[in-house]
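the following block contains a protein sequence and its predicted model.
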Amino acid sequence: MANVSRPNGLRPVRHINGSPWNGQAETMAVLVGDGTALFVGDIVKTAGTADANGVQAITRMTANTDLPTGVIVGFTPDYSNLSNPSQYRLASTARYALVVTDPTVVYEVQATGTTVVADVGLNAGVTFTAGSTSTGISGMQLDGTTKAVTATLPLKILGWVQRPDVDVADGTNMKVNALLNSANWAGNTAGL
């Protein structure tokens with residue numbers, strides 16, 4: 001059975017020590033001046049500033065050289081405009097996102113191209129496809145064409161997802177478990 005192509009960004013599944021992900025997330029601001037829509041499962045980076053309430057501002061990661069802060073898992077309601085969709089953040093609107101910043105969280109992510117057993121342990125880049133305004137889900141995927149030992153690539157491949165709907169014999173559209181390899185909060189990084 002071929003693997004279905006169903007990109008949905010990064011979804012937290014557990015911690016690297018095997019304990020279940022507990023749903024913990026940080027509230028972070030997306031400023032009105034940010035002209036990019038944000039979706040659940042998008043990797044974000046710090047915007048280097050904060051909102052008027054002192055909440056750290058973030059923006060969507062757009063390059064494999066960016067230092068990721070975490071992954072969006074939801075948004076707080078926009079009480080000033082309840083007609084705003086709650087499942088994603090419209091471009092150029094102020095919004096609070098719920099972001100997983102723990103560098104020990106393991107994510108499930110779909111890989112582009114072909115993934116083979118020898119790729120486990122390598123680092124990889126990200127494809128930055130926009131998300132769906134219907135579902136609010138990210139279109140980001142692990143970039144199967146940038147797998148390497150390069151330390152600065154943002155994702156580390158830990159292995160394949162072990163589930164009946166994942167055909168390990170078919171390396172295309174493989175669902176993999178990955179860590180944010182170069183996470184901002186992991187330490188040993190320069191100040192912003």
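In hand now; what should we look at? Numbering: from 1, shown residues only.

I'd like the distance between the spatially closest residue to residue 113 that is not a sequence neighbour and residue 119.
Distances taken as C-beta to C-beta, 6 or more residues apart in numbering put residue 144 closest to residue 113, at 3.0 Å, once the chain neighbours are dropped. Placement of C-beta: from N, CA and C, glycine included. As judged by C-beta to C-beta, to the nearest Å, residue 144 and residue 119 stand 8 Å apart.

rewinding a little: OK, contacts around the residue nearest to residue 113?
111, 112, 113, 114, 115, 119, 124, 174 (C-beta atoms under 8 Å, 6 or more residues apart in numbering).

now do the SS call for it.
strand (DSSP: H, G, I helix; E, B strand; the rest coil).

most centrally placed residue in this structure?
Compute the mean C-alpha point of the chain, and by C-alpha atoms, centre = their mean the closest residue is residue 43, 3.3 Å away.

show me the contacts for the residue lying closest to it once chain neighbours are set aside.
Distances taken as C-beta to C-beta, 6+ apart put residue 61 closest to residue 43, at 4.3 Å, once the chain neighbours are dropped. Neighbour list for residue 61: 42, 43, 44, 45, 68, 126, 128, 154 [criterion: C-beta under 8 Å, 6+ apart].

in which helix or strand would I find the residue lying closest to residue 76 once chain neighbours are set aside?
With C-beta to C-beta, 6+ apart as the criterion, residue 76 has its nearest non-adjacent residue at 4.3 Å, and that residue is residue 96. Taking DSSP states H and E as the definition, residue 96 sits inside strand 95-100.

my read: residue 119 touches residue 156, true?
No - judged on C-beta atoms under 8 Å, residue 119 makes no contact with residue 156 at a distance of 10.8 Å.

tell me which of these two has more neighbours.
residue 119 (22 against 19; other C-beta atoms under 10 Å).

for stretch 36-43, buried residues please.
37, 38, 39, 40, 41, 42, 43 (16 or more other C-beta atoms under 10 Å).

please disregard the earlier target; I meant stretch 122-133.
So, applying 16+ other C-beta under 10 Å, buried residues of stretch 122-133: 122, 123, 124, 125, 126, 127, 128, 131, 132.
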